[in-house]
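> 3D model of this:
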Amino acid sequence: MQYITKSGKEVVINFADFESADELKTQIELELLKVNINIGDLFSGNIITSETVNTIKNAILILDSSKDIKRLIFKCLERSRYNNVKITPDLFKLDMEAIAEYNTIKVNCVIENLRPFFLYQWQQLTDILSQVQDTLKLQKGQDQKLDS
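Next up is the predicted model:
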């Protein structure tokens, strides 16, 4: 993945290697298990509740604050560059423009390194989520008939 930042710097994020990317994927999965995500809420078509927003916020904060995930992201960034400089924690110590790009770089690192694991499963996942959504709609319709 290659892109230009808002400040005009070139960022190149390369796939790390299988072991590093797999370790990052596993740690993200372990961290997400700490959050009680109700898939039905996300696909039910109902108005998003404060509970749903709170769950999403918790998931983001757990992922963002995990020292293990941060360590693994920097391990995955070892072959990546910010304006032709290797991306390490030291890059962000004094460079304010790099600090402003820190979260974007982290997210893009996760995307680049997890994408290969789900490349062929994406369509299957989309189909499954569609089926779950249809089932939830059907169940909601049946529940409304029972309430009437």
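
> Helices of the chain, start to end?
For the chain, applying DSSP state H gives helices covering 18-32, 39-43, 50-65, 67-76, 91-94, 96-118, 122-147.

> and these, which one's lowest on average pLDDT?
Looking at the helices of the chain, the lowest mean pLDDT belongs to helix 39-43 (a mean of 57).

> Quickly note the distance from the residue nearest to residue 111 when sequence neighbours are not counted to residue 94.
Leaving aside its chain neighbours, residue 111 sits nearest to residue 1 (7.3 Å; criterion: C-beta to C-beta, 6 or more residues apart in numbering). Backbone N, C-alpha and C define where each C-beta goes, glycine included. Look at residue 1 and residue 94: by C-beta to C-beta, to the nearest Å, they are 25 Å apart.

> Compare neighbour counts for the two and give me the winner.
Legend: neighbour count by other C-beta atoms under 10 Å for residue 1 and residue 94, higher for residue 1 (14 against 8).

> That one reaches residue 108, doesn't it?
Yes: assessed by C-beta atoms under 8 Å, residue 1 is found in contact with residue 108 at 5.8 Å.

> Mutual contacts of these two, please.
Here residue 1 and residue 108 have residue 13 as joint contacts, going by C-beta atoms under 8 Å, 6 or more residues apart in numbering.

> if we look at stretch 99-112, which residues are touching it?
By C-beta under 8 Å, 6+ apart, the surrounding residues in contact with stretch 99-112 are 1, 3, 5-7, 9, 11, 13-15, 24, 28, 64, 73, 76-77, 80, 82, 87, 92.

> brain fart, stretch 17-27
Residues external to stretch 17-27 that are found in contact with it (C-beta under 8 Å, 6+ apart): 15-16, 66, 68-69, 72-73, 75-76, 78, 110, 113-114, 116-117.
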